[in-house]
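Participant: Have a look at this prediction, sequence included:
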Amino acid sequence: MEKETRLGKADKAYDNKDFLHSRDGRTLRILSEYLYPEKYFNSHNVNRVVVFYGSARSVSQVDWNATARDLQTQLTNATGDEKIAIQKKIEFHDRKKLISKYYDECEEIAYRFGKWSMELPEEKRYDICTGGGPGMMEAANKGAKRSGCNSIGLNISLPFEQEPNQFITPSLNFEFHYFFMRKFWFVNLAKALVAMPGGFGTMDELFENLTLIQTKKLTRQVPVLLYPKVYWQKLIDFDYFLDMGMISKSDLDLFHFANTPDEAVDFLISELSNV
């Protein structure tokens, strides 16, 4: 007679990784990206946040200068086609010099605002939040850490660019799979938004927030700062939207420009002093 094989216990559904990572488990994964951050934000009393957006592809002036020196050394030692290729790299790198200045100014804005915030009563203080990656996000987290305020990073899993920077408060470093859940937390936490120079991702985040404010889906007042004015006005002709009847004149009041760290910090403080 064949001996019966005793079955072991099956995994509980919430411990079954194959299920959780399957199509059928997607709803649970989405819900986790809501509940998990909420738990940590509540435990750290994170509810008053200034969100900084900006490009992952920007670097500090120190790093820009180091790369420029390295390229010049390569050019000196190169010959023929290699020299032509390096010269093209130098020309491209030169175009990014101005953005490195904005990286440093982003850090300074975050630092000065964070320092002002730390002088407020504890229940009135603001934290600084970014997408948690390199570039402008790193700059804002770096300024936040220097100031002593919470430095939050809402990272996103991508095949390139996006690794958490070293200036995030370790217990407030999050990794998201879903863009829409990450963007939900940006908006849910934000008392103000600062858009630094950026590309498609920054455009996406900026215009989604402006749309939410314009359509009253975001019911509270959230100041939006575009920095610097010279970058944003060259990149986007907001007046052309108005001329073509695509927006109302009042929509131009949904955001504010600043061209220096002094102007940016003064705007944020004036808007948030009594919130």
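Facilitator: Arrived safely.

Participant: Spit out the contact partners of Arg6.
Facilitator: With C-beta atoms under 8 Å, 6 or more residues apart in numbering as the criterion, no residue contacts Arg6. C-beta coordinates here come from the backbone N, C-alpha and C atoms, glycine included.

Participant: Surely His118 and Ala144 touch.
Facilitator: One correction, residue 118 is Met, not His. No: in this structure Met118 lies outside contact range of Ala144 using C-beta atoms under 8 Å: 10.2 Å.

Participant: neighbour-wise, which of the two wins?
Facilitator: Per other C-beta atoms under 10 Å, whichever of Met118 and Ala144 has more neighbours is Ala144, with 31 against 13.

Participant: for the more buried one, helix, strand, or coil?
Facilitator: helix (DSSP: H, G, I helix; E, B strand; the rest coil).

Participant: Check the gap between it and Leu252 for me.
Facilitator: Using C-beta to C-beta, to the nearest Å, Ala144 is found at 30 Å from Leu252.

Participant: for Lys124, same thing?
Facilitator: 30 Å.

Participant: give the contact list for the closest residue to Ser58 other than its chain neighbours.
Facilitator: Residue nearest to Ser58 in three dimensions, not counting chain neighbours: Gly135, with 4.2 Å by C-beta to C-beta, 6 or more residues apart in numbering. By C-beta under 8 Å, 6+ apart, the contact list for Gly135 reads 54-59, 103.

Participant: How about the backbone phi and psi for Gly135?
Facilitator: phi 70, psi -140 (degrees, to the nearest 10).

Participant: Next up, the contacts around Gly143.
Facilitator: Gly143 touches 106-114, 128, counting by C-beta under 8 Å, 6+ apart.

Participant: Redo those as JSON lines? Include distance to Gly198, pLDDT and secondary structure.
Facilitator: Output for the contacts of Gly143, formatted as JSON lines (distance: C-beta to C-beta, whole Å; pLDDT from 0 to 100; DSSP: H, G, I helix; E, B strand; the rest coil):
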{"residue": "Cys106", "distance to Gly198": "11", "pLDDT": "98", "secondary structure": "helix"}
{"residue": "Glu107", "distance to Gly198": "15", "pLDDT": "98", "secondary structure": "helix"}
{"residue": "Glu108", "distance to Gly198": "18", "pLDDT": "98", "secondary structure": "helix"}
{"residue": "Ile109", "distance to Gly198": "15", "pLDDT": "98", "secondary structure": "helix"}
{"residue": "Ala110", "distance to Gly198": "15", "pLDDT": "98", "secondary structure": "helix"}
{"residue": "Tyr111", "distance to Gly198": "20", "pLDDT": "98", "secondary structure": "helix"}
{"residue": "Arg112", "distance to Gly198": "21", "pLDDT": "98", "secondary structure": "helix"}
{"residue": "Phe113", "distance to Gly198": "19", "pLDDT": "98", "secondary structure": "helix"}
{"residue": "Gly114", "distance to Gly198": "21", "pLDDT": "98", "secondary structure": "helix"}
{"residue": "Ile128", "distance to Gly198": "17", "pLDDT": "98", "secondary structure": "strand"}
